[in-house]
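> I would like the atomic coordinates for the input below:
(one chain, ligands or ions: 2)
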Amino acid sequence: MDTKFAVLLVGQGIYRVCNSSGHTFYIVTGEERSAVIDTGCTPGREIIPLIRQYTQKPLSLIITHAHSDHIYHLDEFDDIYMNHREFELPDSFLQLMMEDKQLDLHQAKDIRTGDVIDLGGKTLEVLEVPGHTPGSIALWEKESNCMFMGDAIGSGNDVWMQWPSALPLDQYYPSLLRLLRWTVERGGRMQLLGGHAMQCFGSHLLAYNPLSLGWLCDLIDLVDQVICGKIVGQPSDVDIILETEPPLCASFGRAVLQYMPSRIHSQSREKTD
Ligand SMILES: [Zn+2]
Ligand SMILES: [Zn+2]
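Residues are numbered from 1 along each chain as shown. Ligands and ions are numbered 1, 2, ... in the order given. Next comes the predicted model:
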């Protein structure tokens with residue numbers, strides 16, 4: 001029993017791994033290959049030995065987005081996938097996300113909406129959900145009906161749109177609508193699995209506030225009302241990097257959003273106002 005990691009079976013042959021910092025990654029075991037979705041950020045080189053306790057198949061690493069707690073162990077994998085829009089982020093930001101490593105993000109193969117990664121007996125379908133970062137993706141495993149969300153809509157806690165890697169909220173909103181339609185078209189009853197399953201960010205929410213379609217709908221309403229000015233957040237002391245203005249925090253129903261007041265409307269919208 002490894003006390004650095006808490007491993008939970010969340011579907012047949014699908015494991016959720018939380019490290020001691022609350023970073024969450026997933027192992028999806030197929031008949032031909034196994035996928036590792038994100039890596040967490042754990043000192044040392046301990047995640048591959050852990051993963052090997054659950055699968056001996058060749059591994060494909062799928063990065064939901066290029067934040068350090070999702071890419072840090074990328075150099076321990078050979079077959080890597082990531083959406084191309086992460087390269088819209090400045091090199092200086094991506095470098096910051098590598099912490100003490102020199103990671104080669106360009107070795108990652110591009111994956112886009114509609115792409116399907118076949119593991120043998122399990123498939124992972126890609127949906128781009130730009131917002132938290134430009135190249136954030138969700139992955140749907142059809143057979144188990146699990147959706148791996150990364151940080152695209154939070155993990156039942158604050159959605160972090162205050163970091164400089166986030167798109168303006170008026171670009172996030174259509175992305176959320178597309179996500180809702182996409183999930184409903186696939187039956188809507190999937191288990192939504194986030195990138196920080198057990199982590200609390202100090203918001204007012206109870207620890208148990210699992211992701212669901214209801215959460216997503218509350219988030220859609222919240223983002224819309226912030227864009228329209230009907231909801232204005234309160235000053236927040238949540239983590240920021242490379243920013244000078246204080247972030248705001250707003251909530252509606254089950255959803256909580258951290259955001260920057262200067263990044264509600266995109267530039268083109270500001271020009272027409
Ligand atoms: Zn994260
Ligand atoms: Zn993130």
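> what residue in the stretch 1-150 of the chain comes nearest to ligand 2?
Of the stretch 1-150 of the chain, the residue with the smallest distance to ligand 2, taken as C-beta to the ion, is His67 at 3.6 Å. Bear in mind the C-beta positions are built from the backbone N, C-alpha and C, glycine included.
> separation between the nearest residue to that residue once chain neighbours are set aside and Leu105?
Of all residues not flanking His67 in the chain, Met97 sits nearest, at 5.7 Å (C-beta to C-beta, 6 or more residues apart in numbering). Remark: distance between Met97 and Leu105 (C-beta to C-beta, to the nearest Å) = 9 Å.
> before we move on, the earlier item: the residue of the stretch 1-150 of the chain closest to ligand 2 contacts Ser165, correct?
Yes - between His67 and Ser165 a contact is recorded at 7.2 Å, counting by C-beta atoms under 8 Å.
> overlap in contacts, these two.
Shared contacts of His67 and Ser165 (C-beta atoms under 8 Å, 6 or more residues apart in numbering): Thr133.
> which of Met97 and Leu105 has more neighbours?
The residue with the greater number of neighbours, taking Met97 and Leu105 and applying other C-beta atoms under 10 Å, is Met97; the counts read 23 against 18.
> show me what contacts the more buried one?
For Met97, the contacting residues are 66-68, 71, taking C-beta under 8 Å, 6+ apart as the criterion.
> ok, which of these also contact ligand 1?
With C-beta under 5 Å from the ion as the criterion, those include none near ligand 1.
> and these as a markdown table, adding secondary structure, neighbour count and pLDDT?
As requested, the contacts of Met97 are exported to a markdown table (DSSP: H, G, I helix; E, B strand; the rest coil; neighbours: other C-beta atoms under 10 Å; pLDDT from 0 to 100):
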| residue | secondary structure | neighbour count | pLDDT |
| --- | --- | --- | --- |
| Ala66 | coil | 26 | 98 |
| His67 | coil | 27 | 97 |
| Ser68 | helix | 18 | 96 |
| Ile71 | helix | 28 | 98 |
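> of all the residues you listed, which two lie farthest apart?
For the contacts of Met97, the farthest-apart pair by C-beta to C-beta is Ala66 and Ser68; their separation is 8.5 Å.
> so which strand or helix has Tyr81?
strand 79-82 (DSSP states H and E).
> in the next helix or strand after that strand, what counts as buried?
Next helix or strand after strand 79-82 toward the C-terminus (DSSP H and E): helix 91-97. Residues 93-94, 96-97 are the ones in helix 91-97 that count as buried (16 or more other C-beta atoms under 10 Å).
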